[in-house]
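Trainee: sequence-free structure coming up:
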């Protein structure tokens, strides 16, 4: 089973999105797509007079911003992706964490920063795997927006990488899951200046060395920590690559950076 | 099985919406909710600088308006209703016609008016009843936004009354379906000036008489024509009432105007 996460750089370009979806639709077996949409939300927010407030790369979700992301992630981006996948013969179903209660969450507690309506997911054990399995059984491909709910009636804003990781981990109970993070680069780079210096394979031991040598930069550390956390909880392999790499995976080749535990 | 449609007058007020959802959640057996959201879309459209263009009570859906309604109907309104139902113990799943391909449609052909991205549904035979049945079987309550898709990759805007009617008709193949239209009045009125002059029961014969006497006004004719069309295609009964009437139906009482064929 493939759990694939795509971010803003793919969603921002209709051509890149279409090319990616053509490849994604061809991935064999059950699969699930998680999407972001932050840049599109920021653009609509600007038109609506809502200024995005970010702290450490995370959006502060006030009441207005919650409406904005619920519209853009759960409506615009999610349904455009679903409609495009349907046209490619992939029977997609768009979901947020509230739908079928697949991802219950809780409001992030205020410590030094008040993130507003940001949702933290307890862990893979709270995911409603039964509902997801029912969808897979009737041939549906879930397309998940980065939104959860507090089970008290409010939607919550949750990081798409986190959603991909927690869903992959929850599904790993019953499936051999490959978690794929598509981002703007071809993979984890040996040399940040050289787009082609992709490190083909990283295991736990190599990750330590890369961190000690300073090869892995600050931006990659959370992504890789996330990847190893998923592996420790049963995900078979994590792939960090660009969207074009999906075509390679469909053809059975490796692409980008493969991350495994040992 | 209950198929309930709610419109703008309920969605516009958080208090009325909450009161309605409490009652709706208590309706026994499988049920499905269809919602509108035109007024909320118009308000956001105004903030975004999109002026609504209406012809004969129907929105002209240009490309910008399609984005707007996809966001507002499929995202904001749909997910807010789903989250609120989840909090009431009703395992809701938000859907558009593109999700699981439940309502394929086609672009309305241009005759005298170009409605833009407006979707016409062929008929109940094109509804993906199998997917809906799979959702009912695992205890889910579909919450359907008034959006369809053209199966070629584009979302389409479709009237919520039409969606309620076509879904009720399609589900009537396997279920005894009661179709309930909630609107701003208590039912079909004998005297438009008297809110309490609700006609408790209308059958085909009485409808003819009411039309000939001019009791049923122009606004009600499409609603009632729609109701009789649904009855002719197997729906057991149609109820036209206000949202407060759902509580009466939960308690097994009649409320509003009951419409049956004979």
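Mentor: All right, it came through fine. Not measured: the values here are computed from a predicted model.

Trainee: quick one: name the residues of the stretch 101-250 of chain A near chain B.
Mentor: When proximity is defined as Cβ under 8 Å from any Cβ of the partner chain, the stretch 101-250 of chain A approaches chain B at A:101, A:130-131, A:134, A:137-138, A:140, A:147, A:149-155. Bear in mind the C-beta positions are built from the backbone N, C-alpha and C, glycine included.

Trainee: ChimeraX command to pick out the buried ones of those residues?
Mentor: Restricted to buried positions by 16 or more other Cβ atoms under 10 Å in any protein chain shown, the ChimeraX selection for those reads:
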select /A:101,131,134,138,140,147,149,150,151,153,154,155
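
Trainee: looking at chain A, which residue is nearest chain B?
Mentor: Per Cβ to the nearest Cβ, residue A:75 is where chain A lies closest to chain B, at 2.2 Å.

Trainee: helices of the stretch 101-250 of chain A, residue ranges please.
Mentor: In the stretch 101-250 of chain A, the helices defined using DSSP state H, counting those that start in this stretch lie at A:129-137, A:160-171, A:204-212, A:220-232, A:245-250.

Trainee: hey, which of the ones you listed is tucked in deepest?
Mentor: Across the helices of the stretch 101-250 of chain A, the average number of neighbours (mean count of other Cβ atoms under 10 Å in any protein chain shown) peaks for helix A:160-171, which reaches a mean of 25.

Trainee: thinking again about what came up before, now for the residue of chain A closest to chain B, how many residues are close by?
Mentor: Neighbourhood size, residue A:75 [other Cβ atoms under 10 Å in any protein chain shown]: 32.

Trainee: got it, and residue A:252?
Mentor: Other residues within reach of residue A:252 by the criterion other Cβ under 10 Å amount to 7.

Trainee: check contacts around residue A:154.
Mentor: Residues near residue A:154 by Cβ atoms under 8 Å, 6 or more residues apart in numbering or on different chains: A:66, A:107, A:117, B:83.

Trainee: which one of these has the most neighbours?
Mentor: residue B:83 leads these on contacts (other Cβ under 10 Å) with 27 neighbours.

Trainee: tell me the mean pLDDT for the helix or strand harbouring that one?
Mentor: Here residue B:83, judged by DSSP states H and E, is contained in helix B:78-87. Helix B:78-87 comes out with an average pLDDT of 98.

Trainee: compute the first-to-last residue distance for stretch A:197-209.
Mentor: Start to finish, the residues bounding stretch A:197-209 are 17 Å apart (Cα to Cα, to the nearest Å).

Trainee: quick one: contacts for the closest residue to residue A:127 other than its chain neighbours?
Mentor: Closest residue to residue A:127 apart from its sequence neighbours, by Cβ to Cβ, 6 or more residues apart in numbering or on different chains: residue A:170 at 3.6 Å. When contacts are counted by Cβ under 8 Å, 6+ apart, residue A:170 touches A:124-125, A:127, A:129, A:132.

Trainee: including distance to residue A:20, could these go into a markdown table?
Mentor: As requested, the contacts of residue A:170 are exported to a markdown table (distance: Cβ to Cβ, whole Å):
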| residue | distance to residue A:20 |
| --- | --- |
| A:124 | 26 |
| A:125 | 31 |
| A:127 | 25 |
| A:129 | 26 |
| A:132 | 22 |
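
Trainee: tell me which two in those are the farthest apart.
Mentor: The span of the contacts of residue A:170, defined through Cβ to Cβ, is set by A:125 and A:132 at 13.9 Å.

Trainee: nearest residue to residue A:151 other than its sequence neighbours?
Mentor: The spatially closest residue to residue A:151, leaving aside those adjacent along the chain, is residue A:104, at 4.9 Å (Cβ to Cβ, 6+ apart).

Trainee: what bridges to that neighbour?
Mentor: For residue A:104, the beta-bridge partners are residue A:149 (DSSP bridges).

Trainee: confidence score at it?
Mentor: The model's pLDDT for residue A:104 equals 98.

Trainee: residues of stretch A:51-63 that come out buried?
Mentor: For stretch A:51-63, a neighbour-count test (16+ other Cβ under 10 Å) marks A:52, A:59-61 as buried.

Trainee: among these, which lie within helices?
Mentor: Assignment to helices by DSSP state H places none of those there.

Trainee: strands - which of those land there?
Mentor: Applying DSSP state E to the buried residues of stretch A:51-63, the entries found in strands are residue A:59.

Trainee: could the buried residues of stretch A:51-63 go into TSV alongside pLDDT and distance to residue A:214?
Mentor: Output for the buried residues of stretch A:51-63, formatted as TSV (pLDDT from 0 to 100; distance: Cβ to Cβ, whole Å):
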residue	pLDDT	distance to residue A:214
A:52	78	31
A:59	72	29
A:60	91	31
A:61	94	34
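
Trainee: of the buried residues of stretch A:51-63, which fall within the contact range of chain B?
Mentor: Subset of the buried residues of stretch A:51-63 in contact with chain B: empty, counting by Cβ under 8 Å from any Cβ.

Trainee: ok, the buried residues of stretch A:51-63 vs residue A:242, which is closest?
Mentor: Lowest distance from residue A:242 to the buried residues of stretch A:51-63 (Cβ to Cβ) belongs to residue A:59, with 23.7 Å.

Trainee: the stretch 1-150 of chain A: strands as residue ranges?
Mentor: For the stretch 1-150 of chain A, the strands defined by DSSP state E, counting those that start in this stretch cover A:2-6, A:31-35, A:54-55, A:58-59, A:92-95, A:106-107, A:119-120, A:141-144, A:147-149.

Trainee: worst mean pLDDT among those strands?
Mentor: Among those, strand A:58-59 carries the lowest mean pLDDT, at a mean of 72.

Trainee: go ahead and confirm residue A:31 touches residue A:5.
Mentor: No: checked against Cβ atoms under 8 Å, the pair residue A:31 and residue A:5 is beyond contact range at 11.8 Å.

Trainee: which single one of the contacts of residue A:154 is nearest to residue B:208?
Mentor: Taking Cβ to Cβ as the measure, residue B:83 is the one of the contacts of residue A:154 closest to residue B:208, at 44.6 Å.

Trainee: quick one: distance of the helix or strand bottoming out on mean pLDDT in chain A to the chain centre.
Mentor: When the helices and strands of chain A are scored by mean pLDDT, DSSP states H and E, strand A:58-59 comes last with a mean of 72. When distances are taken as Cα atoms, centre = their mean, to the nearest Å, strand A:58-59 is centred 15 Å away from the chain's centroid.

Trainee: mind listing what it pairs with, with the direction of each?
Mentor: Strands that pair with strand A:58-59, judged by DSSP bridges, come out as strand A:54-55 (antiparallel).

Trainee: what does the partner strand contact?
Mentor: Counting by Cβ under 8 Å, 6+ apart, A:60, A:113, A:115 sit against strand A:54-55.

Trainee: just checking, residue A:39 touches residue A:45?
Mentor: No: if you go by Cβ under 8 Å, residue A:39 and residue A:45 don't touch, sitting 10.3 Å apart.

Trainee: who has more neighbours, those two?
Mentor: residue A:45 (20 against 15).

Trainee: what number of residues lie near the closest residue to that one other than its chain neighbours?
Mentor: Leaving out its chain neighbours, the residue that sits closest to residue A:45 by Cβ to Cβ, 6+ apart is residue A:68, at 5.1 Å. Residue A:68 has 25 neighbours, counted by other Cβ under 10 Å.

Trainee: tell me who's in contact with residue A:68.
Mentor: A:41, A:44-45, A:48, A:50.
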